[in-house]
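# predicted model and sequence below, questions to follow.
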Amino acid sequence: MKKIITTVGISLFANYQADEVRFAARSYASIDDPIKRTRNASAGDIYAIEYKPYTRNIIEKIEDNWFSCQGVPNHQASAEIASILKIVEAEPEEKFEVHLVSTDTLQSVLAAELIVRWFEKFPQPRLNKVLFQRQETGFETQKDSDYVVKDLRVESHKDYEKGFFNLMNCLTSCQNQVKKRKRI
């Protein structure tokens, strides 16, 4: 079984907010306000009560209006979904397991969780698992998460540098998990 380890951005939300989607989709419901209000939130903020209504709103609208159109899966919902499907399609004899790695932002964590939900709703025969786990509430060091990269955000150069090194550690940890799973 082949493993895919991919980082998650926010293309899921950007694609949904694109003008051509906004004006063409009959069932479009805006997520502009909740996206704006969660823009600077860190990954740990996903547990904060003040963000719950915004995350719930985003989840509902994306699942209801963007995952599919008239029951047909939207393979272009995000760059990650489209890329994973292309990789799987390119190797018809292989089975795959996907590990999603998010940045230290609420939106990246939320996007990763929604991508997992998309693959749960539209299972792919040669895709065994799509794995992502939200960080614990006490997200102090990179050791607290195998899937969320601590400090990887663009608010400051210093944070980004720390985040880049944490990304390397996170990818190593993810790769070690893959090797551990292989032995089981």
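Perfect, I can see it now.

# start to end distance for stretch 130-143?
Stretch 130-143 has an end-to-end distance of 21 Å (Cα to Cα, to the nearest Å).

# and for that stretch, what's in contact with it?
Contacts to stretch 130-143, defined as Cβ atoms under 8 Å, 6 or more residues apart in numbering, come from residues 8, 43-44, 46-47, 84, 97-100, 102, 109, 112-113, 115-116, 119-120, 144-150, 166, 169-170, 173. Quick note: C-beta positions are derived from backbone N, CA and C, even for glycine.

# if you set the cut-off to 6 Å instead, what comes out?
43-44, 47, 98-100, 109, 112, 116, 119, 144-145, 147-148, 150, 166, 169 (Cβ atoms under 6 Å, 6 or more residues apart in numbering).

# tell me which of the residues you listed fall in strands.
98-100 (DSSP state E).

# who wins on neighbours among those residues?
residue 100 (26 neighbours; other Cβ atoms under 10 Å).

# which residues of this protein score low on pLDDT?
25-26, 155-157, 159, 174-184 (pLDDT under 70).

# tell me which stretches of it form helices.
Under the criterion DSSP state H, the chain carries helices at the ranges 11-17, 19-24, 32-38, 52-65, 79-90, 106-121, 157-183.

# okay, those helices, which one's buried deepest?
By mean neighbour count, with neighbours taken as mean count of other Cβ atoms under 10 Å, helix 106-121 ranks first of the helices of the chain at a mean of 22.

# next, the contact list for residue 39, please.
Counting by Cβ under 6 Å, 6+ apart, residue 39 has no contacts.

# again, only this time at 8 Å
residue 107.

# and if you look at the one 4 residues further on?
For residue 43, the contacting residues are 102-106, 108-109, 134-135, 139, 148, by Cβ under 8 Å, 6+ apart.
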